[in-house]
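**Q** One predicted model, sequence on top.
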Amino acid sequence: MPARHHPLPALRLALCWTLAFAALPSGAQGLPPEPSYKGELVGDGKGGVIVRPFSAPEVRRENAPAQDDAPAGRSPRPERQAAPERRLPPPQAMPEPQRDPVAGPLTLEVGPSKKIPTIAQAAKIARSGDTIVVEAGVYAGDVAVFTQDKLTIRGGGGRVRLNANGASAEGKAIWIVRGGDITVENFEFVGARASAHNGAGIRFEKGRLVLRNCLFRDNENGILTAGDKAAELEVENTEFDRNGTVEGYGHQLYAGEIASLKVTGSYFHRAVGGHLLKSRAAKNVIMHNRLTDEAGGEASYELEFPNGGQAYVVGNLVGQSATTQNPVIVAIGLEGYRWPKNELYLVNNTLVDGRPAEGYFLRAAPGLQVLKAMNNLLVASRSHDFAPFSADAKGAMRDPGKTVRLPDPGVRQGDAGLKAEIRNNFVVSRDDFADAARFDYRLRERSALAGKFQPPGTANGVDLTPRADYAHPAQTRRLGGEPTLPGALQSIAR
């Protein structure tokens with residue numbers, strides 16, 4: 001009986017060859033040729049060995065039928081369990097630009113066509129010393145917080161309009177500024193709202209902020225500051241239009257108890273409610289502006305310093321509207337004096353009483369230390385308006401103790417601590433001006449007031465002489481020489 005051929009030795013030999021080939025490096029010299037079979041070795045049941053080919057992987061062509069579309073008479077393959085859904089990680093914040101550690105500040109360009117599309121992203125990327133240049137256009141809901149120590153933010157190629165569209169940074173404002181020294185130029189802030197009804201175009205909380213050539217319109221507050229007593233706010237050539245709230249708690253510009261406020265060449269008009277300008281700052285320099293509530297405006301005070309401080313009000317056109325909510329145009333100290341120095345210098349202003357009922361140009365609460373009122377033009381028809389501006393008016397008197405008693409038009413209280421200099425103020429009518437109905441308050445040619453200017457000097461190092469005229473809209477024009485006229489404007493209508 002012939003010996004049976006056992007398949008295992010051949011199987012072991014084939015397996016050893018396979019392992020040997022796998023262990024040698026590819027391309028090694030002296031290797032046998034690659035085996036022609038592609039599969040696994042198994043016994044054939046007759047003492048031999050056969051090769052069972054490996055199953056080819058399934059390839060599904062683009063137009064191949066789905067499993068449910070298998071040809072008739074053939075059972076579809078069992079449905080494979082779908083792989084779990086792969087979720088992409090959330091997008092990461094825009095990476096900060098690579099900076100050379102010893103390189104100077106960067107200019108960051110912002111806009112739909114730029115690498116940084118939004119101002120909010122630029123606010124997170126920018127470092128102290130940088131300049132952010134924003135492409136002109138409309139940016140909806142692009143709210144931001146700026147905390148850099150030194151930063152310039154500028155609209156490039158025209159004004160940049162920021163529409164709040166219901167968004168607010170930290171529930172407060174379109175922009176929040178709590179940095180060191182930040183300058184903002186060429187922006188419009190529109191439609192700020194907040195749940196507390198004090199949404200602001202800009203909420204200024206800390207540092208020094210300079211604004212130039214901006215517009216604040218239809219906000220609950222145009223600018224609202226916190227009460228940081230070291231903060232400084234400077235506003236130049238900026239317009240405030242239809243800001244405020246009907247309840248009177250929002251204002252066009254509302255400065256809290258900060259160190260200083262300076263406003264020049266700016267235009268305040270058509271308040272929804274509240275004041276055109278309200279400031280609790282320790283020092284206020286308000287020069288060469290137009291604060292006129294105009295038709296439909298419902299401002300309270302046009303200009304108020306409720307906690308006193310030093311107020312230098314020079315060369316401004318200030319006017320009530322017929323629908324104003326308060327008979328007083330300028331007020332100081334009505335909520336109590338809180339600063340060591342409480343002084344008002346009211347020089348070369350044109351103050352216009354537009355109320356059909358009686359109004360007051362000035363209301364100063366007892367406790368004011370210094371009042372200097374010179375070279376002002378007072379536009380109204382009722383002598384009741386003028387008592388605070390006349391040293392010999394009824395109720396104003398000098399006693400042997402050199403106490404100056406100046407009447408408060410509201411409560412008629414004397415103030416023994418007041419040092420007052422009230423002179424060279426003139427009562428005029430609207431006919432004395434070029435076109436008062438159109439807010440052209442230049443004096444007419446050959447006016448009897450030509451040459452009536454008197455030098456007001458300085459106060460605490462501040463020059464009280466007007467050096468510019470307000471130029472509409474929201475600009476100033478430097479004077480070519482010394483002033484010669486009382487009132488806000490030195491140019492004559494010819």
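**A** That came in fine, so what should we check first?

**Q** Just the buried residues of stretch 132-141, please?
**A** 132-135, 139 (16 or more other CB atoms under 10 Å). Where C-beta positions appear, they are placed from N, C-alpha and C, glycine not excepted.

**Q** and it, how far from the chain's centre?
**A** Centroid separation for stretch 132-141 versus its chain: 12 Å, with CA atoms, centre = their mean, to the nearest Å.

**Q** what mean pLDDT would you report for that stretch?
**A** Averaged over stretch 132-141, pLDDT sits at 98.

**Q** go on, stretch 363-373?
**A** For stretch 363-373, the mean per-residue pLDDT is 91.

**Q** what comes up buried for it?
**A** 363-365, 368-373.

**Q** go on, stretch 195-208?
**A** 198-208.

**Q** Out of those residues, list just those in strands.
**A** 200-208 (DSSP state E).

**Q** want to throw those into JSON lines with distance to residue 152?
**A** Below are those laid out as JSON lines (distance: CB to CB, whole Å):
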{"residue": "200", "distance to residue 152": "21"}
{"residue": "201", "distance to residue 152": "18"}
{"residue": "202", "distance to residue 152": "15"}
{"residue": "203", "distance to residue 152": "19"}
{"residue": "204", "distance to residue 152": "16"}
{"residue": "205", "distance to residue 152": "19"}
{"residue": "206", "distance to residue 152": "17"}
{"residue": "207", "distance to residue 152": "14"}
{"residue": "208", "distance to residue 152": "12"}
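
**Q** Name the nearest residue to residue 111, ignoring sequence neighbours.
**A** Nearest non-adjacent residue to residue 111, counting by CB to CB, 6 or more residues apart in numbering: residue 135, 2.8 Å away.

**Q** what does residue 377 give?
**A** Using CB to CB, 6+ apart, the nearest residue to residue 377 is residue 487, at 3.9 Å.

**Q** show me what contacts residue 457?
**A** Residue 457 is in contact with 464-465, counting by CB atoms under 8 Å, 6 or more residues apart in numbering.

**Q** switch to 7 Å and redo it
**A** Contacts of residue 457 were listed using CB atoms under 7 Å, 6 or more residues apart in numbering, and they are residue 464.

**Q** How confident is the prediction for it, by pLDDT?
**A** 98.

**Q** Also residue 476?
**A** Residue 476 is given a pLDDT of 98.

**Q** Can you tell me the centre-most residue of the protein?
**A** residue 202 (3.5 Å; CA atoms, centre = their mean).

**Q** quick one: that residue and residue 226 touch, right?
**A** No - in terms of CB atoms under 7 Å, residue 202 does not count as a neighbour of residue 226; the distance is 11.5 Å.

**Q** Could you dump the buried residues of stretch 195-208 into JSON lines and include pLDDT and distance to residue 450?
**A** JSON lines is the format used below for these (pLDDT from 0 to 100; distance: CB to CB, whole Å):
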{"residue": "198", "pLDDT": "96", "distance to residue 450": "47"}
{"residue": "199", "pLDDT": "98", "distance to residue 450": "48"}
{"residue": "200", "pLDDT": "98", "distance to residue 450": "44"}
{"residue": "201", "pLDDT": "98", "distance to residue 450": "41"}
{"residue": "202", "pLDDT": "98", "distance to residue 450": "42"}
{"residue": "203", "pLDDT": "98", "distance to residue 450": "46"}
{"residue": "204", "pLDDT": "98", "distance to residue 450": "42"}
{"residue": "205", "pLDDT": "98", "distance to residue 450": "48"}
{"residue": "206", "pLDDT": "97", "distance to residue 450": "48"}
{"residue": "207", "pLDDT": "98", "distance to residue 450": "45"}
{"residue": "208", "pLDDT": "98", "distance to residue 450": "41"}
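
**Q** Just give me the closest of those residues to residue 305.
**A** Distance to residue 305, by CB to CB, is smallest for residue 204 among the buried residues of stretch 195-208, at 18.0 Å.

**Q** Any idea what the closest one is bridged to?
**A** residue 177, residue 225 (DSSP bridges).

**Q** thinking again about what came up before, list just the nearest of the buried residues of stretch 195-208 to residue 220.
**A** Distances from residue 220 to the buried residues of stretch 195-208, taken by CB to CB, are shortest for residue 199, at 4.5 Å.

**Q** what's the spacing between the closest one and residue 119?
**A** To residue 119, residue 199 is 17 Å away according to CB to CB, to the nearest Å.

**Q** Assign the nearest residue to residue 269 once chain neighbours are set aside to helix, strand or coil.
**A** Distances taken as CB to CB, 6+ apart place residue 294 nearest to residue 269, at 4.8 Å, with adjacent residues excluded. For residue 294, the assignment made with DSSP: H, G, I helix; E, B strand; the rest coil gives coil.
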